[in-house]
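J.: what shape does this take:
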Amino acid sequence: MLKDERQAFIMRQINLHNKVLSTDISAMLNISEDTVRRDLKEMAEEGKVLKVHGGAISRSFHYPFNADNAVYAQSAKQQIAQKIIKLLKNDMVILTGGGTTMIELAKSIPDNLRATFFTISPLVALELVEHRNLTVISIGGQLSPSSHVHMGASVINQLADIKVDLCLLGANGFSVQDGMTDSDWEVVQVKRAMIRAAKKLAIISIAEKLNSSQRMKVCDLNQINYLITELAPDNHFLSPYQQLDMELL
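T.: The predicted structure is shown next:
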């Protein structure tokens with residue numbers, strides 16, 4: 001595989017999953033980790049990605065408010081945000097994760113919605129607090145330098161003390177075979193705590209992320225009430241999910 005093809009593949013994986021590990025790319029492409037590291041170093045020097053220990057992350061994920069960093073699939077994420085809004089009712093208590101889709105949601109919430117939002121993302125909190133009728137509570141802990149969400153035992157302990165109507169979580173990996181998955185063990189533990197705190201769970205994903213799996217299980221499909229993508233619920237691409245006991249939006 002030529003260097004341009006390798007780097008295009010790496011860029012797509014980063015756009016889809018926000019972060020890649022050199023070991024995973026090496027296995028996917030059957031190339032050495034040294035080759036992957038050289039590619040990531042070159043891509044970082046060109047300003048395409050941010051190099052981190054063991055891999056790289058998306059610039060738009062790390063700096064979502066920087067206008068120079070285009071949000072991947074922004075139009076699709078804005079469509080998802082509009083669908084989420086239909087689930088939100090006055091006086092609901094809602095819990096959110098982080099990520100660019102959540103930020104698009106926070107920007108789009110109608111000013112007349114009266115609700116309480118808990119979030120592990122300070123970036124999402126900053127957008128939510130601009131809406132005068134929302135009560136915004138940030139779940140605090142150690143701030144992840146790559147994903148800009150709070151992690152760790154203090155977050156999990158705080159989540160154990162609340163019960164929300166709806167939890168909104170972005171999916172890193174999602175498939176019929178493996179359920180919802182992620183690549184970071186700490187993230188998995190926080191997401192599991194968020195799910196335990198919620199009466200209902202909505203998983204948010206652009207369609208490109210579906211039918212993909214990461215290394216670690218977050219939850220099974222039977223724990224999910226809603227799957228929200230930019231596609232129409234009857235789209236043929238969603239056929240593996242149409243027979244499951246969850247509502248497609």
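
J.: only C-alpha atoms from now on, for both contacts and neighbour counts.
T.: Fine.

J.: so for the lengthiest helix in the chain, what gets flagged as buried?
T.: Longest helix in the chain, counting residues (DSSP state H): helix 3-17. Buried residues in helix 3-17, defined by neighbour count with 16 or more other C-alpha atoms under 10 Å: Arg6, Gln7, Ile10, Met11, Gln13, Ile14, Asn15, Leu16, His17.

J.: just the CA coordinates of it, formatted as CSV?
T.: Output of helix 3-17 as CSV, limited to C-alpha atoms (Å, rounded to 0.1, in the frame of the first residue of the first chain):
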residue,chain,number,x,y,z
LYS,A,3,2.0,6.0,1.7
ASP,A,4,-0.9,8.3,0.5
GLU,A,5,-3.3,5.3,0.7
ARG,A,6,-2.1,4.4,4.2
GLN,A,7,-2.5,7.9,5.4
ALA,A,8,-5.9,8.3,3.9
PHE,A,9,-6.9,5.1,5.7
ILE,A,10,-5.5,6.4,9.0
MET,A,11,-7.3,9.7,8.6
ARG,A,12,-10.6,8.0,8.0
GLN,A,13,-10.2,5.9,11.2
ILE,A,14,-9.3,9.0,13.2
ASN,A,15,-12.3,10.9,11.7
LEU,A,16,-14.6,8.0,12.6
HIS,A,17,-13.3,7.1,16.1
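
J.: now what about that helix, what contacts it?
T.: Helix 3-17 is contacted from outside by 19-20, 25, 29, 39, 43, 56-58, 72, 172-173, 208-209, using C-alpha atoms under 8 Å, 6 or more residues apart in numbering.

J.: a strand runs through Ile137, doesn't it?
T.: Yes: Ile137: assigned to a strand according to DSSP: H, G, I helix; E, B strand; the rest coil.

J.: you'd agree it is up against Phe118?
T.: Yes: at 4.8 Å, Ile137 counts as touching Phe118 under the criterion of C-alpha atoms under 8 Å.

J.: who has more neighbours out of the two?
T.: Higher neighbour count among Ile137 and Phe118: Phe118, with 21 against 16, using other C-alpha atoms under 10 Å.

J.: on that earlier part again, so how far is the longest helix of the chain from its chain's centroid?
T.: Distance of helix 3-17 from its chain centroid, counting by C-alpha atoms, centre = their mean, to the nearest Å, is 18 Å.

J.: again, but for stretch 228-236
T.: Centre to centre, stretch against its chain (C-alpha atoms, centre = their mean), the figure for stretch 228-236 is 18 Å.
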